[in-house]
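Trainee: Give me a 3D structure for the following:
(chains A and B)
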There are 2 protein chains.
Amino acid sequence: MIRPRLTPLAETLPATVPFVGPEAQERARGKAFKARIGANESGFGPSPKVQAAIAAAAGEMWMYGDPESAELRAKLAEKHQVSAQNIVIGEGIDALLGLIVRLWADKNAPVVTSLGAYPTFNYHVAGFGARLVAVPYEDDRESLSALLEAVKRENAPLVYLANPDNPMGTWWPAADIQRFIDALPDTTMLVLDEAYGETAPAGTLPPLDVTRPNVLRMRTFSKAYGLAGLRCGYAIGEATTINAFEKVRNHFGMTRMAQVAAAAALGDDDYLQSVISQVAACRDRLTKIATDNGLQSIPSATNFVAIDCGSDGAFALKVMQALIARDVFVRKPMAPRLDRCIRVSVGPDAEIDIFERELPAALAEARG
Amino acid sequence: MIRPRLTPLAETLPATVPFVGPEAQERARGKAFKARIGANESGFGPSPKVQAAIAAAAGEMWMYGDPESAELRAKLAEKHQVSAQNIVIGEGIDALLGLIVRLWADKNAPVVTSLGAYPTFNYHVAGFGARLVAVPYEDDRESLSALLEAVKRENAPLVYLANPDNPMGTWWPAADIQRFIDALPDTTMLVLDEAYGETAPAGTLPPLDVTRPNVLRMRTFSKAYGLAGLRCGYAIGEATTINAFEKVRNHFGMTRMAQVAAAAALGDDDYLQSVISQVAACRDRLTKIATDNGLQSIPSATNFVAIDCGSDGAFALKVMQALIARDVFVRKPMAPRLDRCIRVSVGPDAEIDIFERELPAALAEARG
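Mentor: This next block holds a predicted model:
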């Protein structure tokens, strides 16, 4: 059949999704999960004040959102003690990652990341025809030295680093990240993904420096704030760097609801702090569950815990599949070495109870 | 200062916005508008049932949306009597337009539209480095013959047509659109933007034909459904064509709230019909207001009316500015000939009352 031809680049791209959603798995299984602890969402939910703000704004949804997200940017600027010009809002960090690749990585340009790091970033790199250069993790952490070496060797315009890391939950202290930043070539843009920043120990996030044009600090309302379903992320950076997004972003892409909810979330710090405490307590609980089952967990600064299943990737895959068969939605890292783990998100006790109950049988099934 | 270099394409792009939002104008003016009838939003608001569904879903916003939007696509498939494989959901038609350009228009490829048609489409064409070929309107309608001629002359891979049209509100009967479709080269993708389809007279939208790989029918919840603030649009097309979006779309970009609200909106057809009636009545009222002021309005199939201010573009601009100074947010077409008009969205009587009260003085000021 004769049809319009895709661009040569689009022709080469697979029709793929970085992650299969839990709903798709539920449709395939024909039944719902009992514990949704696989996507690093916050089962503690958004603040009651945010929920009230959402309900109150329902009738206003006939209006497009403010394309400048001015009110939200002003609140974020105050929170971070920067100017609104240092902040761009996007439809989750995911959307901003796509724009970053589009702005700074030309076709065939080398883009550096870690092997096993965030697949959605890789999806965008492929989608714009850039060339992914992935360096291995080292002791379950992204290797700052290997990333830096690859950046210099390739003369890469773009490098991705998550701190704390996903999928392992590990982190570098701020001083190490700062040394990495200082050592980067001025011509290399660092995407420093701090989606899990709120749940990290003090001293993990380097101070913001919005005079530096080659660092973008990525933050989100999807994790600790419990608003993944409203898609609201942002980048903090030097003003001219931030202004580049105006060239390509979908100016009217933000929902008014996300703007309302995120602004309300910033106004309820008590709730955020309570979530952070619950996340920490649940990490401890997940660690104990691992230990009780003779497994080791990887220390985590995030809202999930990677649990080392004690064998290889094939075994951990069986454990994950056995958990899924027991209605527990979890995921796992796929890269060599990392793949010995399953990744379990924190959540309310009721969901963790189910995980605790099902894990021994899942392990037995995987072993047997 | 040394900084990461933008791609050569990004370097050439201006930091621009297709439209300045009313909120930005309010900030610049230092005061709020009293009538928000400039962005073709639906001041009648979303259905009360939709508002209830939004409020009820607030607590679920910690979950990412289903990346496949399966439930919503199933409902839309049923409504349109097509398969879910014939539907892709996106963050408003705006986002889908960007993906369409990216998929089918390579750098420097000619892309055909009408001079004065939807600026956001043009923004995406520029953003991906394609080359815009714009043909003039004819008697305030998009010229099907000129579009077709340009497509053939340029061997264009992509052409944009809105029916009904924005910013003029005019439309072609389905039979003319069908002839245009039939005459298109098989290798040219038609973006048929039917954002205003619900408010058009019967016989405006050609039957859906999802066997044809070179037509994308664009629909939205932003207009008649009153959900612009939640960003939910979709394209209907042949399955392989629709599947191409899987290569590049932001799979987790849809908010769960948009999915919930759009599904609820589809369940309240009575409300939709009542809005359509109110839109028609308000168009008549806007026409009468124009006549009462000695002006002619352009017949409209949309939720707005273009009012011919009876002189040139400079005069109509003054009228618009005088209205804005009187706290009435309206917009206007900018292309030659079309620019003699202002564009006024329908809305609740209270807002139209304000327009009616302020228009004579605005005209007098523009004349004086």
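Trainee: quick one, strands of the stretch 151-300 of chain A?
Mentor: Assigned by DSSP state E, counting those that start in this stretch, the stretch 151-300 of chain A shows strands spanning A:158-162, A:189-193, A:215-220, A:233-236, A:296-297.
Trainee: Tabulate the ones you listed in CSV, adding columns for mean neighbour count.
Mentor: The way it works is simple: take the backbone N, C-alpha and C, and place the C-beta from them, glycine included. What follows is the strands of the stretch 151-300 of chain A, written out as CSV (neighbours: other C-beta atoms under 10 Å in any protein chain shown):
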stretch, mean neighbour count
strand A:158-162, 26
strand A:189-193, 25
strand A:215-220, 24
strand A:233-236, 24
strand A:296-297, 17
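Trainee: can you put the ones you listed in a markdown table and add mean pLDDT and distance to chain B?
Mentor: Converted to a markdown table, the strands of the stretch 151-300 of chain A look like this (pLDDT from 0 to 100; distance: least, C-beta to the nearest C-beta, whole Å):
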| stretch | mean pLDDT | distance to chain B |
| --- | --- | --- |
| strand A:158-162 | 98 | 7 |
| strand A:189-193 | 98 | 4 |
| strand A:215-220 | 98 | 10 |
| strand A:233-236 | 98 | 11 |
| strand A:296-297 | 98 | 23 |
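Trainee: between those strands, which one is nearest to residue B:180?
Mentor: strand A:233-236 (40.8 Å; C-beta to C-beta).
Trainee: For the closest one, name the packing helices and strands.
Mentor: helix A:70-80, strand A:87-90, helix A:92-104, strand A:215-220 (3 or more C-beta pairs under 8 Å, 6 or more residues apart in numbering or on different chains; DSSP states H and E).
Trainee: interface residues of the stretch 151-300 of chain A facing chain B?
Mentor: A:157-158, A:186-189, A:213-214, A:222, A:226-231, A:238, A:240-241, A:243-244, A:246-248, A:250-258, A:261 (C-beta under 8 Å from any C-beta of the partner chain).
Trainee: Filter the residues you listed down to the buried ones, ChimeraX style.
Mentor: Restricted to buried positions by 16 or more other C-beta atoms under 10 Å in any protein chain shown, the ChimeraX selection for these reads:
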select /A:157,158,187,188,189,213,214,222,226,227,228,229,230,231,238,241,244,246,247,248,250,251,252,253,254,255,256,257,258,261
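Trainee: Looking at the helices and strands packed on strand A:233-236, which is nearest to residue B:78?
Mentor: Short answer: helix A:92-104, nearest of the helices and strands packed on strand A:233-236 by C-beta to C-beta, at 29.2 Å.
Trainee: before we move on, back to that, now the helices and strands packed on strand A:233-236 as a markdown table including distance to residue A:14?
Mentor: As requested, the helices and strands packed on strand A:233-236 are exported to a markdown table (distance: least, C-beta to C-beta, whole Å):
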| stretch | distance to residue A:14 |
| --- | --- |
| helix A:70-80 | 35 |
| strand A:87-90 | 24 |
| helix A:92-104 | 16 |
| strand A:215-220 | 26 |
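Trainee: Looking at these, which is nearest to residue B:43?
Mentor: Closest among these, using C-beta to C-beta: helix A:70-80, at 21.1 Å.
Trainee: and stretch A:105-112, what's its mean pLDDT?
Mentor: Average pLDDT, stretch A:105-112: 98.
Trainee: try stretch A:136-144
Mentor: For stretch A:136-144, the per-residue pLDDT averages 98.
Trainee: cool, and stretch A:80-91?
Mentor: On average, stretch A:80-91 scores 98.
Trainee: Any buried residues in it, and which?
Mentor: A:80, A:82, A:84, A:86-91.
Trainee: Tell me which residues of stretch A:332-347 come out buried.
Mentor: A:332-333, A:335, A:337-347.
Trainee: how about the residues you listed in CSV, adding distance to chain B and pLDDT?
Mentor: Shown next, in CSV, are these (distance: C-beta to the nearest C-beta, whole Å; pLDDT from 0 to 100):
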residue, distance to chain B, pLDDT
A:332, 18, 97
A:333, 19, 97
A:335, 20, 97
A:337, 27, 97
A:338, 22, 98
A:339, 22, 98
A:340, 26, 98
A:341, 22, 98
A:342, 19, 98
A:343, 15, 98
A:344, 16, 98
A:345, 11, 98
A:346, 12, 98
A:347, 10, 98
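Trainee: near chain B, anything from stretch A:42-55?
Mentor: Yes - Stretch A:42-55 lies within reach of chain B by C-beta under 8 Å from any C-beta, at A:42-46, A:50-52, A:54-55.
Trainee: how many other residues sit next to residue A:59?
Mentor: 16 (other C-beta atoms under 10 Å in any protein chain shown).
Trainee: What are the neighbouring residues in contact with it?
Mentor: Contacts for residue A:59 (C-beta atoms under 8 Å, 6 or more residues apart in numbering or on different chains) come out as B:45-46, B:51.
Trainee: coming back round to it: now, the residues of the stretch 151-300 of chain A next to chain B that are in helices?
Mentor: A:240-241, A:243, A:256-258, A:261 (DSSP state H).
Trainee: Out of those residues, the closest to chain B would be?
Mentor: Distance to chain B, by C-beta to the nearest C-beta, is smallest for residue A:256 among those, at 3.3 Å.
Trainee: Next up, the contacts around that closest one.
Mentor: Residue A:256 neighbours (C-beta under 8 Å, 6+ apart): A:57, A:60-61, A:63-66, B:228-230.
Trainee: and the nearest residue to residue A:81 once chain neighbours are set aside, how far is that from chain B?
Mentor: In this structure, residue A:81 finds its nearest non-sequential neighbour in residue A:208, 7.5 Å apart by C-beta to C-beta, 6 or more residues apart in numbering or on different chains. Residue A:208 sits 17 Å away from chain B when distances are taken as C-beta to the nearest C-beta, to the nearest Å.
Trainee: these two touch, right, residue A:208 and residue A:236?
Mentor: Yes - because the distance of 6.0 Å satisfies C-beta atoms under 8 Å, residue A:208 is recorded as touching residue A:236.
Trainee: intersection of neighbour lists for these two?
Mentor: Joint contacts of residue A:208 and residue A:236 (C-beta under 8 Å, 6+ apart) are A:80, A:82, A:217.
Trainee: Just put those in JSON lines and tack on distance to residue B:106.
Mentor: Formatted as JSON lines, the shared contacts of residue A:208 and residue A:236 follow (distance: C-beta to C-beta, whole Å):
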{"residue": "A:80", "distance to residue B:106": "40"}
{"residue": "A:82", "distance to residue B:106": "38"}
{"residue": "A:217", "distance to residue B:106": "34"}
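Trainee: Give the burial count for residue A:111, as a bare number.
Mentor: Around residue A:111 there are 29 residues (other C-beta under 10 Å).
Trainee: The strand or helix carrying it and chain B in contact?
Mentor: Assessed by DSSP states H and E, residue A:111 sits inside strand A:110-114. No - contact between strand A:110-114 and chain B is absent, the nearest approach being 11.8 Å (criterion: C-beta under 8 Å from any C-beta).
Trainee: On the pLDDT front, check residue A:16 for me.
Mentor: Taking residue A:16 on its own, its pLDDT is 87.
Trainee: My error: substitute residue A:1 in the last question.
Mentor: The model's pLDDT for residue A:1 equals 82.
Trainee: Please tell me how far it sits from chain B.
Mentor: Distance from residue A:1 to chain B, by C-beta to the nearest C-beta: 6 Å.
Trainee: same deal with residue A:298?
Mentor: 23 Å.
Trainee: Same check on residue A:167?
Mentor: Taking C-beta to the nearest C-beta, one finds residue A:167 at 16 Å from chain B.
Trainee: Now do the contacts for that residue.
Mentor: Contacts of residue A:167 by C-beta under 8 Å, 6+ apart are A:116, A:304, A:306, A:331-333, A:338, A:341, A:343.
Trainee: Could you tell me how many residues sit around residue A:145?
Mentor: Neighbours around residue A:145, by other C-beta under 10 Å: 11.
Trainee: which residue sits closest to it, ignoring its sequence neighbours?
Mentor: Residue A:145's closest residue in space is residue A:138 (C-beta to C-beta, 6+ apart), at 7.8 Å.
Trainee: Now do the phi/psi pair for that neighbour.
Mentor: Residue A:138 adopts backbone torsions of phi -130, psi 120, taken as degrees, to the nearest 10.
Trainee: Much appreciated, bye for now.
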